[in-house]
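J.: Predicted structure and sequence below. I'll ask about it afterward.
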Amino acid sequence: MNSPESAAASAAAPVCSAKGCRADAVWVLAWNNPKLHTPERRKTWLACEEHREHLSSFLDVRGFLKDVVKLTEWESGGPESGRP
């Protein structure tokens with residue numbers, strides 16, 4: 001049986017991927033590790049406004065960052081989403 005709390009949790013907005021952050025996600029950071037993933041593969045992290053730059057830098061310095069897109073754009077599958 002689903003409780004009202006579990007239903008609310010499943011409908012909650014996506015949250016930032018930064019450790020310990022529970023803020024609503026605003027950005028999608030699309031990335032891949034070229035040593036592990038094919039070039040077209042995209043993994044994603046979500047970021048709030050506060051952590052977007054930090055998470056982007058972490059991925060970029062390793063050569064993993066491919067794209068940073070607004071979450072709303074990513075979800076709509078717009079031309080800048082990086083999604084097929």
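T.: Great, that's in hand. Numbering: from 1, shown residues only.
J.: Residue 72: which element?
T.: Residue 72 is part of helix 71-76, with elements assigned from DSSP states H and E.
J.: Just checking the distance from that helix to the centre of its chain.
T.: 10 Å (C-alpha atoms, centre = their mean, to the nearest Å).
J.: Mean confidence (pLDDT) on that helix, please.
T.: Helix 71-76 comes out with an average pLDDT of 94.
J.: That helix: which residues count as buried?
T.: Buried residues in helix 71-76, counted by 16 or more other C-beta atoms under 10 Å: 71, 73, 74. Just so you know, the C-beta spots here come from the backbone N, C-alpha and C atoms, and that holds for glycine as well.
J.: contacting residues for the closest residue to the last one other than its chain neighbours?
T.: Setting aside the residues directly before and after it, residue 74 is nearest to residue 28 in space (C-beta to C-beta, 6 or more residues apart in numbering), at 4.2 Å. Shown here is residue 28, whose contacts under the criterion C-beta atoms under 8 Å, 6 or more residues apart in numbering are 44, 45, 46, 47, 68, 69, 70, 71, 74, 81.
J.: Please apply the same query to residue 33.
T.: 43, 62, 64.
J.: my read: residue 56 touches residue 64, true?
T.: No - the pair residue 56 / residue 64 is not scored as a contact, 10.2 Å apart, by C-beta atoms under 8 Å.
J.: What ranges does this protein have for its helices?
T.: Taking DSSP state H to define them, one finds helices in the chain at 4-10, 52-61, 71-76.
J.: what helices or strands is the second one leaning on?
T.: This means helix 52-61. strand 27-31, strand 43-47, strand 65-70 (3 or more C-beta pairs under 8 Å, 6 or more residues apart in numbering; DSSP states H and E).
J.: who wins for proximity to residue 15 among the ones you listed?
T.: Set against residue 15 and scored by C-beta to C-beta, the helices and strands packed on helix 52-61 come closest in strand 43-47, at 6.8 Å.
J.: Paired strands for the closest one, with orientation please.
T.: Sheet pairing for strand 43-47, assigned by DSSP bridges, gives strand 27-31 (antiparallel).
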